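> Return atomic coordinates for the entry below.
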Amino acid sequence: MQPVIPRRIVPCARPSPLAPEQVRREFRRLCGDGARLRPAGEARSDPRRLLALGYTPRYKLELFGVRYYLADVRQNRDIRFLVAYVVPPADSPGGEAAYPRLFYKDGSLLWRSASHFARSEQENWIGKGDVRIVKEGGKRFIESAEHTTDLPLEIQDAVESVSRRALRVRCDEAALALVVRRAGDGRLAAFRDFTEPRRRARSNPRNRIHGGRSIARFTRRHDPASLRFAPGFEPDFARGRLEISHSTSRLYGGRIARHRIASKNREVQYLFFAGPRHVWIGYPQATTTELSSYGVRTVDVTVDDDLVVPGMEYHYFEYEDPPVLMSQIPEGFAGAVSPVDPWRADASAWLERLPVVQEFRRKVLARQRLRPARARATPA
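The predicted structure follows:
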């Protein structure tokens, strides 16, 4: 059985003070000293091709013994991304190796690690990690568990800050196929290198958060006021405020404050986003310390998706006959379409009725101090 994975609350990681040239030399020494480059995409036949093509790391982060080496941010027609090399501890299964990955930013302003992708005349999508079975209308469906690809909350701010350092963002349509494994059009689930560490972690029931059950649910469908948290898993607005960081977003109209807040039992952490007009919650994460070669946690948290609706969420018509509404905003709560992204609409009519958002505005934003709280490295 898989050992119990430790839980710790630590300060957010910061980029190493090493200069880009020092990071580059360190990484090349690492590769030269026996650490193998193991890309999952087309570069697997000649891994060093990645370095020859300029995907050389310039920044370094570290969390729970895992090193992240990050190249400069780039852009393709769909996403802003950066090529990263995830280096697990040397005593990990398979020995020391560097796993090239593609980190990209989604519409909720969270950075993710792409698990696989499909591109053809019919399809163009990036895989969102593991899958789950959902029941709707008496039927069972398989859908992506998108949050399984979210990078740890503890490095989100560092990746964001690194992404803003490039003086020029290069257009790059090649990196995705070089680094990420291509899947067939019909394959939704990630491959085994992504799912197996998660399966091993789940094999010990003590690693599962709340026994694998949802820690937040709605007792009445489409009623935001009916939100209920499992005891102990509520955000601790009094003593669980860990850190505040800031970024900017054109989609959300300006400066965004990001508040990392622990649950009352310290098993879970939340990231609250506060923009000029919106407040929303990123998908909560465990405080476990095990990370996979994709740079993500092997243990995740289950909540009702309606808790984690971004401030601007997908809401559009598919051009069929007749047109079909595709929306991830609870029925009846979609607001104005974004002037920046016509595929998204304002979800604040739903969000502002969530009791936890109202409490966050009252207990945190209304009393916000000039200096952010400091995180303490303590057992959860």
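> check contacts around the residue lying closest to R220 once chain neighbours are set aside.
Counting by CB to CB, 6 or more residues apart in numbering, S226 is the residue found nearest to R220 once chain neighbours are left out, at 4.1 Å. To be clear about C-beta, it is placed using only N, CA and C from the backbone, and glycine gets the same treatment. Residues in contact with S226 (CB atoms under 8 Å, 6 or more residues apart in numbering) are 218-220.
> can you rerun that using 10 Å?
Contacts for S226 (CB atoms under 10 Å, 6 or more residues apart in numbering) come out as 217-220, 355.
> Check the average confidence over the helix or strand hosting A257, would you?
If you go by DSSP states H and E, A257 is part of strand 254-262. Mean pLDDT, computed over strand 254-262, is 96.
> How about stretch 355-373?
Per-residue scores along stretch 355-373 average to 82.
> residues in contact with that stretch?
Looking at stretch 355-373 with CB under 10 Å, 6+ apart, the contacting residues turn out to be 216, 224-229, 234-235, 237-246, 257, 259-261, 270, 272, 274, 278-281, 307, 348, 350-352, 354.
> So which of those residues belong to strands?
216, 227-229, 241-246, 257, 259-261, 270, 272, 274, 279-281 (DSSP state E).
> partners of the strand holding A257, with directions?
Strand 254-262 sits in its sheet next to strand 241-249 (antiparallel), strand 268-274 (antiparallel), going by DSSP bridges.
> Same question for stretch 219-229: list its buried residues.
224, 227, 229 (16 or more other CB atoms under 10 Å).
> Which of those sits closest to T289?
Nearest to T289 among the buried residues of stretch 219-229 is F229, at 23.7 Å by CB to CB.
> quick one: the nearest residue to the closest one once chain neighbours are set aside from L307, how far?
Distances taken as CB to CB, 6+ apart place A216 nearest to F229, at 5.1 Å, with adjacent residues excluded. Distance of A216 to L307, given as CB to CB, to the nearest Å: 5 Å.
> Spit out the residues that contact these two alike.
Contact criterion CB under 10 Å, 6+ apart; residues shared by A216 and L307: 227, 229, 281, 284, 356.
> Kindly present those as JSON lines, with separate columns for distance to E62.
As requested, the shared contacts of A216 and L307 are exported to JSON lines (distance: CB to CB, whole Å):
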{"residue": "L227", "distance to E62": "36"}
{"residue": "F229", "distance to E62": "32"}
{"residue": "I281", "distance to E62": "27"}
{"residue": "P284", "distance to E62": "23"}
{"residue": "V356", "distance to E62": "32"}
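> quick one: which of these is nearest to Y319?
I281 (32.0 Å).
> shouldn't the closest one be in contact with W350?
No - contact between I281 and W350 fails when scored by CB atoms under 10 Å: they sit 11.9 Å apart.
> For those two, list the residues in contact with both.
With CB under 10 Å, 6+ apart as the test, I281 and W350 both reach 309, 357.
> Domains in the protein, by residue range?
8-199, 211-379 (automatic domain parsing).
> Of the ones you listed, which is nearest P205?
The nearest among the domains of the chain, by CB to CB, is domain 211-379 at 7.1 Å.
> center of this structure, which residue is that?
Centroid check for the chain by CA atoms, centre = their mean gives D150 as the closest residue, at 1.9 Å.
> got any ranges where this structure has weak pLDDT?
The chain contains residues with pLDDT under 70 at 1, 34, 94-95, 320-321, 369-380.
> Look through it and tell me its longest helix.
Secondary structure of the chain read by DSSP state H shows that its longest helix is helix 20-32.
> Counting by contacts, list what that one packs against.
Other helices and strands packing on helix 20-32, by 3 or more CB pairs under 10 Å, 6 or more residues apart in numbering; DSSP states H and E, are helix 49-52, strand 59-63, strand 66-75, strand 80-87, strand 97-105.
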